[in-house]
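# whatever this is, show me its structure:
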Amino acid sequence: MPQLNPGPWFTIFLSSWIIYLAILTFKMNNLKYQNNPTLQDMKKESPRPWNWPWI
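Next comes the predicted model:
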């Protein structure tokens, strides 16, 4: 049964993943965002109490 011999299949699997990850990281590093992110305001607003009439 060829499935029990991991010799050639493991090297093919490992080499294909290394090639795939090398191409993927190259493409991800070249990715440019359409909109630049803006910094958020660090001040938190204080919560206002509810003025609900409970009648």
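# now do stretch 18-28: distance to the chain's middle.
From the chain centre to the centre of stretch 18-28 is a distance of 14 Å (C-alpha atoms, centre = their mean, to the nearest Å).
# please identify the buried residues of that stretch?
Buried residues in stretch 18-28, counted by 16 or more other C-beta atoms under 10 Å: none are found. C-beta coordinates here come from the backbone N, C-alpha and C atoms, glycine included.
# alpha carbons of it, as PDB, please.
This file holds the C-alpha atoms of stretch 18-28, laid out as PDB (Å, rounded to 0.1, in the frame of the first residue of the first chain):
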ATOM      1  CA  ILE A  18       6.800  25.900   1.300                       C
ATOM      2  CA  ILE A  19       6.300  27.100  -2.200                       C
ATOM      3  CA  TYR A  20       2.700  28.100  -1.500                       C
ATOM      4  CA  LEU A  21       3.600  30.000   1.700                       C
ATOM      5  CA  ALA A  22       6.500  31.800  -0.100                       C
ATOM      6  CA  ILE A  23       4.200  33.000  -2.800                       C
ATOM      7  CA  LEU A  24       1.400  33.900  -0.400                       C
ATOM      8  CA  THR A  25       3.600  35.900   1.900                       C
ATOM      9  CA  PHE A  26       5.100  37.700  -1.000                       C
ATOM     10  CA  LYS A  27       1.600  38.700  -2.300                       C
ATOM     11  CA  MET A  28       0.400  39.700   1.200                       C
END
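# report the central residue of the chain.
residue 28 (10.4 Å; C-alpha atoms, centre = their mean).
# can you give me every residue that contacts it?
If a contact means C-beta atoms under 8 Å, 6 or more residues apart in numbering, then residue 28 has no contacts.
# torsion angles phi and psi at it?
Backbone dihedrals for residue 28, given as degrees, to the nearest 10, come out at phi -70, psi -30.
# ok, residue 41 next?
phi -70, psi 130.
# could you shift the numbering so residue one becomes 13, and keep it that way?
I'll keep to 13 as the first residue from here, and by that count the last item is residue 53.
# and it, how many neighbours?
By other C-beta atoms under 10 Å, the residues close to residue 53 number 7.
# do the same with residue 24
10.
# in terms of helices and strands, where is it?
Taking DSSP states H and E as the definition, residue 24 sits inside helix 18-41.
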